[in-house]
Structure formats: C-alpha cells, structure tokens
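Peer 1: Got a predicted model here, sequence first, then my questions.
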Amino acid sequence: MPRAKTSTFGPDGWTSGFEDRVDFGEESRECAQVDNRELLKAVAITLEDEGVECHWETFISDDAFLDAGIIVDCRGMGAKGDWPNLRGVRGEIVRFHAPELELHHMVRLLHPRYPVYIAPRAEGRLVVGATSIECDDRSTVSVRGALELLTSAYSVLPALAEARILEFSTQVRPVLPDICPHVGSIVSATRCTSTGFIVMGSY
Ligand SMILES: Cc1cc2nc3c(=O)[nH]c(=O)nc-3n(C[C@H](O)[C@H](O)[C@H](O)COP(=O)(O)OP(=O)(O)OC[C@H]3O[C@@H](n4cnc5c(N)ncnc54)[C@H](O)[C@@H]3O)c2cc1C
C-alpha cells in the first residue's frame, strides 16, 4: 500500500475523510481488504509528518493516564479494568511467501468449522487466518491451529503446497458480550474508550 497521502487529520475525525487521506488503491477497494500492517505503517508516517509526538511501546496503567485534553483508550484487552465483561478470543494466522501464485482477491472458505480466508499481500506474500478460540492465551500457535489453517488453505488452493511459511502468529481479540464494538466515554468526559472490535471491518 502506498504511504498515506494526507496533509491533515482534522477534528472531523477518521471516518469522514479517511479514505481521501490514505490511498487504498483500486484493488483494495474492489475486494474490500487492506494490508493492516502497511496501513499502520502509513498512519505512523502520517503522524510523524504532522509533528504528532508519539511514544511507542509505552505501557499505560489504569491509574496513570497522561494529562491530556482528550484521551482515546484503545488498549484492547488492556482496558479490561474498565470493562469487566471484556473477554479474549484467541486468533492464529499464518503468512506465506508464494510469488508464483497470482491471487488478486481474497478467497474465503465457507465452512462451518474452518471459515478461513486467504488474502493476497504485496511481493508475493499471502496471509491465511484465522482461528477463533474462546480464551485470552497469547502463547504460540498450537498444532491444532496450524493444522486447521494449513489444511483449509491447501484444500482451497492446492498450489500452496510449495509456498514457504514465513510466520505463524497469535493475538487476542477484545470482545464484549453483545459482540459489538463500543466507542464512547465510560470513565470520564475526557476519556473516550474504543473496544470490542472483534473484527476491524476490513480484511
Ligand atoms: C489472528 C487475528 C486475525 C484477525 N483478522 C482480522 C481480519 O482479517 N479482519 C478484521 O477486520 N479483523 C481481524 N482481526 C481483528 C482485529 O485485529 C481486531 O479488530 C483488532 O485487533 C482489535 O483492535 P484494537 O485496536 O481494539 O485492539 P488490539 O489490536 O488488541 O490493540 C490494542 C493495543 O493496545 C496495546 N496495549 C494493551 N494494553 C496496554 C497498556 N496498558 N498500555 C499501552 N498499550 C497497551 C496492545 O499492545 C495493542 O497494541 C483479527 C484478529 C486476530 C487476533
């Protein structure tokens, strides 16, 4: 994905003008998916260009929020102290390098147990995800998870047999009982929380 085109992140927020500020490209628009890692890189570059002070890898505890006009708390499972009903749903994915395989759209397997998707990425890479397991365990991928992902992907695209595995990874999705995302003030008027995004809405 090309870097963000932006010049301003105005007070009208991300939703109204975000598409004008980040160039998703025709292909992403058509198959409704973005490369999340590239998107986050583009956002980081844009923030830097705009002179926004960023503190990466900085742990914020529940009782040590910074003094700021408005705080947006998007700590995922890290905000469990404010959201006692928040639970984790573990997800595992696998990334491949398969430059000989030309996939231009995401492929989704409609299966009751293994609803995996295969999404193309730049430079011959592919991502296959994801398992959904009701727990907040972030340990490395299990044998079952790896088998499910690899077998499902291979059954859809046998040409993956010669692909090279680049990475297995695990993360935990923050989920609320109604399975809906929540954005708003629950702690104080100046602290906006954003959580429950079991999917970001874009693959
Ligand atoms: C394996 C997997 C595959 C997925 N695939 C898709 C997909 O294809 N499409 C889709 O739309 N969605 C997908 N999702 C869901 C998507 O990733 C989630 O919607 C998203 O991760 C939730 O976003 P979030 O920013 O709210 O929380 P997180 O992604 O959990 O981000 C929270 C961040 O806050 C940080 N943090 C936590 N506590 C603290 C603290 N105390 N101080 C400072 N920082 C803290 C964490 O380190 C983390 O970086 C997937 C999720 C997983 C796990």
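Peer 2: Nice, thanks for sending it over.
Peer 1: Met77 belongs to a helix?
Peer 2: Yes. Remark: Met77 belongs to a helix, assigned using DSSP: H, G, I helix; E, B strand; the rest coil.
Peer 1: Contacts only, for it.
Peer 2: Contacts were defined as Cβ atoms under 8 Å, 6 or more residues apart in numbering; by that measure Met77 touches 86, 88, 136, 172, 174. All C-beta spots, glycine's among them, are computed from the backbone N, C-alpha and C.
Peer 1: Quick check: the fourth one touching Arg87?
Peer 2: What that stands for is Val172. No. Using Cβ atoms under 8 Å, Val172 is not in contact with Arg87, being 9.3 Å away.
Peer 1: ok, how many other residues are close to Leu147?
Peer 2: Leu147 has 11 neighbours, counted by other Cβ atoms under 10 Å.
Peer 1: circling back to that earlier point, can you pull the residues that touch both of Val172 and Arg87?
Peer 2: Common neighbours of Val172 and Arg87 (Cβ under 8 Å, 6+ apart) are Asp136.
Peer 1: Would you mind listing what in the chain touches the ligand?
Peer 2: Contacts of the chain with the ligand, taken as Cβ under 6 Å from any ligand atom, map to 59-60, 74-78, 91-93, 129-130, 171, 173-174, 195, 197-203.
Peer 1: Filter those down to the buried ones and express that as a ChimeraX selection.
Peer 2: The ChimeraX selection below is limited to those of those classed as buried (16 or more other Cβ atoms under 10 Å):
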select :75,76,77,78,91,92,93,129,130,173,174,195,197,203
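Peer 1: Sort out for me which of the residues of the chain next to the ligand are in strands.
Peer 2: Members of these lying in strands (criterion: DSSP state E): 91-93, 129, 171, 173-174, 195.
Peer 1: Mind putting those into JSON lines with pLDDT?
Peer 2: Output for these, formatted as JSON lines (pLDDT from 0 to 100):
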{"residue": "Gly91", "pLDDT": "96"}
{"residue": "Glu92", "pLDDT": "97"}
{"residue": "Ile93", "pLDDT": "97"}
{"residue": "Gly129", "pLDDT": "93"}
{"residue": "Gln171", "pLDDT": "95"}
{"residue": "Arg173", "pLDDT": "95"}
{"residue": "Pro174", "pLDDT": "94"}
{"residue": "Thr195", "pLDDT": "89"}
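Peer 1: Distance of the residue of the chain found nearest the ligand relative to Ala130?
Peer 2: Proximity of the chain to the ligand (Cβ to the nearest ligand atom) peaks at Gly78, 2.0 Å away. Distance of Gly78 to Ala130, computed by Cβ to Cβ, to the nearest Å: 20 Å.
Peer 1: Counting neighbours, what do you get for Ala79?
Peer 2: Look at Ala79: counted by other Cβ under 10 Å, it has 20 neighbours.
Peer 1: correct me, but it touches Thr195?
Peer 2: Yes. Counting by Cβ under 8 Å, Ala79 does reach Thr195; the two are 5.5 Å apart.
Peer 1: So for the two, which residues contact both of them?
Peer 2: Contacts common to Ala79 and Thr195, judged by Cβ under 8 Å, 6+ apart, are 73, 86, 174.
Peer 1: nearest to Asp49, of these?
Peer 2: Lowest distance from Asp49 to the shared contacts of Ala79 and Thr195 (Cβ to Cβ) belongs to Asp73, with 24.8 Å.
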